[in-house]
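> Compute the structure for the input listed below.
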Amino acid sequence: MNKRNIIIGVIALIALLGGGYLWTQTEQTADAPQTGDLVTVTRGNLDSNASATGQLLAQRDAQLAFGQAGTVDVIFVSEGEFVQAGAPLLMLEQSELERAVANAAEGVAIAQADLADLLAGATAAEIAAAEADVASAEANLQQLVNGPTAEELAILQGNVDAAEANVWASSAALSAAQEGASAADIAAAEQQFVSAQLNHSSLQETYDKLLECRTFTTPDGEERTFCPGLGDPEESTRYQLQSAYASLESAQAALNDLLDGPDPNSVAVSQANLAASVARRDAAQINMEIALLPPTEAEIAQAEQQLAQATATLAQRVRGAAAETITLAEVGVAQAEIRLAQAEQALAEATLTAPFAGVITAVSVSEGEQAQGIMVEMVDVDSLEVVLNVDEIDIGTMAEGQTAVVTLEAYPEVSIAAEVAAIAPSSTPNNNSDIVTYEVNLSLDGADVPLRVNMTANASLLTDSRSDVLLVPNRAISVARQTGIYSVTVMQADGEVETRTISIGLRDRQFTEVVDGLSEGETLLINNAVPVQAVGPGA
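Okay, here's the model as predicted:
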């Protein structure tokens, strides 16, 4: 056995017995150097990466609901449909809202017209009417103070006299009704009845003769019978006969009434007429007495107040509306306009629209149902980002702007370029684990596959990059577990081996950057028989 083989065996035995060496190898391939191989220290470029898993989430989504109650009238969209910003989604029944807008608009028009009238001032006709009111109030006060004139007293007295005469007449009529008819009244009624009989009998005879058939002999000696038909003479006589009969019945009834004695109905009517006449006489007398009374202080005060009010109204119309009145009218216009704006806003909000362009993910109502809670959900597909939960061990190596490569579980063969868009300033709560993680958002630089919310994503992030550095295979480096000192086995030109302490920097899955302790071109011996996962700088 030569000297080289003895040295290699000793080194292997030390590695197996010590158990204090941890190796920075995380993945071995068929081309990786194996135990006993010699490798050369080279110079090249090195990248360090960190990997994490997360989900594809939308950074902008919306859960949309109506701000008012109502019945859903029209649904414009369905799940999975893409809509543009501002597109209508749902619409409530709008008839009542439209009526509210119309009523509010009418209120604005009325308020504006009232304000315009105030600003325009009173018309000549309105001023003339106010002047007439003042004159009437002055005359009323003057008449109240002076009392009735001689002409007015004469009229009042005439009313009393006329009412008294009516009382006497009504009393006489009642007495006559109560006493019944006199002999003269009965004789006159009998004479009227006899005249009606004679007239009716005469007309009846005339009418009968008009209808009587006659027999005569013709010049030829032939006897013939002629019966007159209906015509103007018969019609005229028949009408007169009907009138005479009505007069006869009327005369008979009048005579019977007189012969039967007093009529209870006539007595009742006469009594009612007398009572009404007495009431009218008493009222006329009261009016006369009131007119002769002096006015009270309250009546004078009321008349003076009416005159003052009429005078103030006239003055106001002459000078125009006061500033305070105009201000109140302007406030009324503003309030009416606010009510109109509110009604128009309620009508506008009766249509639910898309706040941004995106895909409808849920429609939770049917036409005819009441609008309650969340109605439509949507996401902005252009805002899809990968949200990672990164271990606190790796978060210090990340910064906004770092590049990354993303693969999706649904499309594992497709690599999507990405970039760190944001890193959460605080950790994500996790009650089921002691591991501390932070959310990292990756923006995607386009994708040739359809992306959907909540897809599982795997990301590889470039955490550091070095150019033109000394590189050593990970399997060539040993680390003391307790001291954390890194070392390599250097093969000298004469075949001797040297264990040398080194300082390391960045690492990836195959190579480690050597900062100090080695030179380019030196030969190293791979002597670890049991490589394991290591922790430390660049891990």
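
> C-alpha only now, for contacts and for neighbours.
Fine.

> Just the element for Pro85, please.
You called it Pro, but residue 85 is Ala. Under the criterion DSSP states H and E, no helix or strand holds Ala85.

> ignore the last one, Glu234
Counting by DSSP H and E, Glu234 is found in helix 232-260.

> pLDDT on the helix or strand that that helix is followed by, on average?
Downstream of helix 232-260, the first helix or strand assigned by DSSP H and E is helix 264-292. Mean per-residue pLDDT for helix 264-292: 85.

> measure the nearest residue to Ala418 once chain neighbours are set aside to Ala58 for me?
Nearest non-adjacent residue to Ala418, counting by CA to CA, 6 or more residues apart in numbering: Leu444, 4.5 Å away. According to CA to CA, to the nearest Å, Leu444 stands 12 Å off from Ala58.

> Find residues that contact each of these two.
384-385 (CA atoms under 8 Å, 6 or more residues apart in numbering).

> Averaged over its residues, which helix or strand of this structure has the lowest pLDDT?
In the chain, no helix or strand scores lower on mean pLDDT, DSSP states H and E than helix 3-18, which sits at a mean of 35.

> How confident was the prediction at Gln59?
Listed pLDDT for Gln59 reads 84.

> who's in contact with the residue nearest to it when sequence neighbours are not counted?
In this structure, Gln59 finds its nearest non-sequential neighbour in Ser383, 5.3 Å apart by CA to CA, 6+ apart. Going by CA under 8 Å, 6+ apart, Ser383 touches 58-60.

> Turn those residues into TSV, columns for neighbour count, secondary structure and distance to Leu328.
Output for the contacts of Ser383, formatted as TSV (neighbours: other CA atoms under 10 Å; DSSP: H, G, I helix; E, B strand; the rest coil; distance: CA to CA, whole Å):
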residue	neighbour count	secondary structure	distance to Leu328
Ala58	19	strand	53
Gln59	15	coil	51
Arg60	15	coil	48
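
> what about the helices in this protein?
Remark: helices assigned in the chain by DSSP state H are 3-18, 95-120, 124-146, 150-179, 183-210, 232-260, 264-292, 297-319, 323-348, 392-395.

> Of all those, which one is nearest Leu506?
Closest approach to Leu506 among these (CA to CA): helix 392-395, 13.7 Å.

> In that closest one, which of the residues would be classed as buried?
By 16 or more other CA atoms under 10 Å, the buried positions in helix 392-395 come out as 394-395.

> residues in contact with that helix?
50, 436-438.

> and that helix, C-alpha only, in CSV?
What follows is helix 392-395, C-alpha atoms only, in CSV (Å, rounded to 0.1, in the frame of the first residue of the first chain):
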residue,chain,number,x,y,z
GLU,A,392,-38.2,33.8,8.7
ILE,A,393,-34.9,32.1,8.1
ASP,A,394,-35.1,33.1,4.4
ILE,A,395,-37.0,36.4,4.6
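
> what distance separates that helix from the centre of its chain?
51 Å (CA atoms, centre = their mean, to the nearest Å).

> same question, stretch 48-65
Distance of stretch 48-65 from the chain centroid (CA atoms, centre = their mean) equals 35 Å.

> ok now do His244, which residues does it touch?
No, residue 244 isn't His; it's Ala. Ala244 makes contact with 196, 199-200, 203, according to CA under 8 Å, 6+ apart.

> ok, of these, which come out buried?
Neighbour-count burial (16+ other CA under 10 Å) applied to these gives 196, 199-200, 203.

> farthest-separated two in those?
Taking CA to CA as the measure, these span a maximum distance of 10.7 Å, between Ala196 and Leu203.

> contacting residues for Ile416?
Ile416 is in contact with 405-407, 444-447, counting by CA under 8 Å, 6+ apart.

> try Thr512
Remark: with contacts taken as CA under 8 Å, 6+ apart, Thr512 is in contact with 471-474, 504-506, 538.

> Tell me how many other residues surround Ala457.
When counting by other CA atoms under 10 Å, one arrives at 20 neighbours for Ala457.

> need the contacts of Thr512 in TSV with neighbour count, pLDDT and distance to Thr225, can you?
What follows is these, written out as TSV (neighbours: other CA atoms under 10 Å; pLDDT from 0 to 100; distance: CA to CA, whole Å):
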residue	neighbour count	pLDDT	distance to Thr225
Leu471	26	94	165
Val472	25	94	166
Pro473	23	93	165
Asn474	24	89	164
Ile504	22	91	166
Gly505	17	87	163
Leu506	21	84	159
Gly538	20	40	158
